[in-house]
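A.B. asks: Give me coordinates for this.
(chains A and B)
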Amino acid sequence: MAALVRLSSVCRRGVKPLFYQSTLLARPLAVPHKYQEQPQLLTARIHSSQALYAGADSKAASLHWTAERVLSILLLAMGPVAYFSPGPVIDYSLAAALTLHGHWGIGQVLTDYVHGDAKIKLANAGLFLLSTVTFAGLCYFNYNDVGICKAVALLWSK
Amino acid sequence: MALLLRTFARQGVCLSKPQYSVLYRHAAPMGTTAKEEMNKFWAKNARLNRPMSPHITIYNWSVPMMMSITHRGTGVGLSGAISAFAVAALVLPGSYPHYLDLIHSLSIGPYLIGLAKFGIAFPVSYHTYNGIRHLYWDIGKGFKIPEVYRTGYTVIGLSIITSIAIAML
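C.D. replies: Numbers count the residues shown, from 1 in each chain, chains lettered A, B, ... in the order given. Take a look at the predicted model:
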């Protein structure tokens, strides 16, 4: 009986059929038990058949989400490192991490508030330009001036 | 085809068995992606010039709401400040110590300097601590309402204490 109930939920005929299925009403489903372990076959068949659904299997968004969290943790770790052992390596790492974290963050803000294909494209292009200039500026500062860590230290020595 | 599938389903035939997939092998899925649906929705709204329902003007503000928008505000603000600094580094002729001396020579009182330091430290602290709170949520923990408030007040408290401590350095 459990076999019958589970197969119905897999067949996606909705919840109602489950309610009507009792041991008295059940029509025998001549299904060998091994088919219960292959529910994903339905989706796989349709989606992988044509290029119609080119983006359906894409994990891009999910991977982006994970990358954002990984970067956040990395940036958290850079704080103490910058304090206890300042230097060019951490300066450039901070420049990269801060710029990318900010770029992705503002990207999410734009996604939330900007609508319409053309406006989205324009806004993201502008953001990309800003982030590029920001990274360039920070690297220039690291190379030609005192560097990020030293700059913070000097600012606070006021 | 649809009639055939529906007849089978009604008779209790499980159509997800592999041998039945031949029936819908060439079926084109009729769904649209979430993104397409969203874009269609917004395009229609813009086209019909529909007014937006009042939301932030009528909904009662809560601590979690305020903390969330503050997290976003500090994030955008800090990002803007970093970008402004980077552009200044590229555009301005003098070196960083030169401009720092310029500010020193303005002889700003110690309290104003302390306030300025607090003004820099607080957004950084708050965004950092609330960021950790976000990561805590991302691993699936702390979603019960009392927990949300508890962690929220902790973030606010820690931010203020840390900012004051840093401003006094």
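
A.B. asks: Next one: whatever residue of chain B ends up closest to chain A, what pLDDT does it get?
C.D. replies: Of the residues in chain B, the one nearest chain A is residue B:86, at a distance of 2.7 Å by C-beta to the nearest C-beta. For the C-beta atoms, the positions are set from N, CA and C on the backbone; glycine is no exception. We have a pLDDT of 97 for residue B:86.

A.B. asks: which residues does residue A:121 contact?
C.D. replies: With contacts taken as C-beta atoms under 8 Å, 6 or more residues apart in numbering or on different chains, residue A:121 has no neighbouring residues.

A.B. asks: Could you give me the buried positions within the helix or strand containing it?
C.D. replies: Using DSSP states H and E, residue A:121 sits in helix A:117-144. Under the neighbour-count criterion of 16 or more other C-beta atoms under 10 Å in any protein chain shown, helix A:117-144 has A:123, A:127, A:130, A:131, A:134, A:135, A:136, A:137, A:138, A:139, A:141, A:142 buried.

A.B. asks: helix or strand for residue 112, which one?
C.D. replies: You didn't say which chain, so I picked chain A. When secondary structure is defined using DSSP H and E, the element that contains residue A:112 is helix A:88-113.

A.B. asks: try chain B instead
C.D. replies: Assignment of secondary structure by DSSP H and E places residue B:112 within helix B:110-138.

A.B. asks: Lowest-scoring secondary structure element of the chain by mean pLDDT?
C.D. replies: Let's take chain A. One helix or strand of chain A scores below all others by mean pLDDT, DSSP states H and E: helix A:41-49, with a mean of 44.

A.B. asks: Actually, chain B is the one I wanted.
C.D. replies: Of chain B's SSEs (mean pLDDT, DSSP H and E), minimum confidence goes to helix B:2-10, a mean of 84.

A.B. asks: gap between the very next helix or strand once past it and the chain center?
C.D. replies: Downstream of helix B:2-10, the next assigned helix or strand under DSSP H and E is helix B:34-47. Chain-centre distance of helix B:34-47: 22 Å, with C-alpha atoms, centre = their mean, to the nearest Å.
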